[in-house]
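Peer 1: my questions concern the predicted model and sequence given below.
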Amino acid sequence: MKEIDWANLSFGYMKTDYNVRINFRNGAWGELEVSSEEHLNLHMAATCLHYGQEAFEGLKAFRGKDGKVRIFRLEENAARLQSTCQGILMAELPTERFKEAILKVVKLNERFIPPYETGASLYIRPLLIGTSAQVGVHPAEEYMFVVFVTPVGPYFKGGFSTNPYVIIREFDRAAPHGTGIYKVGGNYAASLRANKKAHDLGYSCEFYLDAKEKKYIDECGANFFGIKDNTYITPKSSSILPSITNKSLMQLAEDMGIKVERRPIPEEELETFEEAGACGTAAVISPIQRIDDLENGKSYVISKDGKPGPICTKLYNKLRGIQYGDEPDTHGWVTIVE
């Protein structure tokens, strides 16, 4: 294999040695299978292709200074996948089976886990799809769970630096009682036009307001949080994906003596934030420089000097420190790959 330039990895797909699969048939999950084939053999009438019975997760493995490999919040990802399964009526994969698959695929592809000092990590993508052939709209009877991995660099090219965002009103990512709280591909398909518009206008990402009233902050390609008066504030909404990163940051903020609030955030409150960020597995925290509302001719400048704020920086360093094993894992978030 040609040498990988670890320090300059993009956030993209790279072929690795193996993926793992588990099939659900006749009401039960089968044995774990290892494959080096990158393609899936799917029936053209599979429910995932027609009725969107498709769910995925994203998590990462990190190589520490001590050489150990750590996976961050594996059980949380298993639980979120199970929640998605309940939401779109797919067979639920037990946490133990999820864990077995993740550990197996990471071990099999160990040579693709980037070295400690490169700032890169191994991205892990679990995927669950309905595979039964049917043309009626009802849940599949057979499912396939697949996990592949790929080494990735930072999600945003600049790494941990502030980015401009834009509020886009003409598209909704998800409805209040729709699938926004589940990690299904349809939510991402629904964001593509708004995302393209934001990029075409020169912004790093789009910002959504709540679909019902267009008054409250929803999310921005990832979960949003704002900081003011030593308080970490994040939206409470029935259409936002429960971000594992956000959940972790809320806990770390509390550990640091910062108050945490989950509540609706009206758009005009944006001008009161001292710091703000988008958070998710890919970027951890992407600090927000400003949020423009072109329709109202408003620009909420959050970072006056264009740099990440002190609390965002502290939270980012703490979370990354736990992931790489440089900080103590007091909450039991890390699984060490033996």
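Peer 2: Right, received. Where do you want to start?

Peer 1: any stretches of the stretch 1-150 of the chain with poor pLDDT?
Peer 2: Along the stretch 1-150 of the chain, the model assigns pLDDT under 70 to residues 1.

Peer 1: so where do the helices sit in it?
Peer 2: 47-50, 74-87, 95-108 (DSSP state H, counting those that start in this stretch).

Peer 1: number of nearby residues for Tyr208?
Peer 2: Look at Tyr208: counted by other C-beta atoms under 10 Å, it has 27 neighbours. For the C-beta atoms, the positions are set from N, CA and C on the backbone; glycine is no exception.

Peer 1: Ala222 is in contact with that one, correct?
Peer 2: No: in this structure, Tyr208 is not within contact of Ala222 by C-beta atoms under 8 Å, at 11.0 Å.

Peer 1: just say which of the helices of the stretch 1-150 of the chain is most tucked in.
Peer 2: helix 47-50 (a mean of 20; mean count of other C-beta atoms under 10 Å).

Peer 1: so which elements touch that one?
Peer 2: With contacts defined as 3 or more C-beta pairs under 8 Å, 6 or more residues apart in numbering; DSSP states H and E, the packing partners of helix 47-50 are strand 121-130.

Peer 1: just how off-centre is the strand it packs on within its chain?
Peer 2: Distance of strand 121-130 from its chain centroid, counting by C-alpha atoms, centre = their mean, to the nearest Å, is 11 Å.

Peer 1: note down every partner strand of it and its orientation.
Peer 2: strand 54-56 (antiparallel), strand 59-63 (antiparallel), strand 143-152 (antiparallel) (DSSP bridges).

Peer 1: quick one: it to helix 74-87, angle?
Peer 2: On the basis of axes from the mean of the first three to the mean of the last three C-alpha atoms, to 10 degrees, strand 121-130 is oriented at 20 degrees to helix 74-87.

Peer 1: now strand 121-130 - C-alpha only, PDB.
Peer 2: Extracted C-alpha coordinates of strand 121-130, given in PDB (Å, rounded to 0.1, in the frame of the first residue of the first chain):
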ATOM      1  CA  SER A 121      -8.800   9.600  13.300                       C
ATOM      2  CA  LEU A 122     -10.500   6.500  12.000                       C
ATOM      3  CA  TYR A 123     -14.100   7.300  11.100                       C
ATOM      4  CA  ILE A 124     -16.500   4.400  11.700                       C
ATOM      5  CA  ARG A 125     -19.700   4.200   9.700                       C
ATOM      6  CA  PRO A 126     -22.400   1.700  10.800                       C
ATOM      7  CA  LEU A 127     -25.200   1.300   8.300                       C
ATOM      8  CA  LEU A 128     -28.500  -0.500   8.600                       C
ATOM      9  CA  ILE A 129     -30.800  -1.200   5.600                       C
ATOM     10  CA  GLY A 130     -34.000  -3.000   4.800                       C
END
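
Peer 1: quick revisit: between the helices of the stretch 1-150 of the chain, which gets nearest to Pro235?
Peer 2: helix 74-87 (17.7 Å; C-beta to C-beta).

Peer 1: and stretch 151-170, average pLDDT?
Peer 2: Averaging pLDDT along stretch 151-170 yields 88.

Peer 1: that stretch spans what distance, first to last residue?
Peer 2: Length of stretch 151-170, first residue to last, C-alpha to C-alpha, to the nearest Å: 35 Å.

Peer 1: go through it and flag the buried ones.
Peer 2: 151-156, 160-168 (16 or more other C-beta atoms under 10 Å).

Peer 1: could you identify the most distant pair in these?
Peer 2: Farthest apart among the buried residues of stretch 151-170 - using C-beta to C-beta - are Pro151 and Ile167, which lie 34.1 Å from each other.

Peer 1: what's near enough to touch the nearest residue to Tyr13 once chain neighbours are set aside?
Peer 2: Excluding its sequence neighbours, the residue lying closest to Tyr13 (C-beta to C-beta, 6 or more residues apart in numbering) is Thr150, at 5.2 Å. Under the criterion of C-beta atoms under 8 Å, 6 or more residues apart in numbering, the neighbours of Thr150 are 12-14, 16, 112, 122-123, 125.
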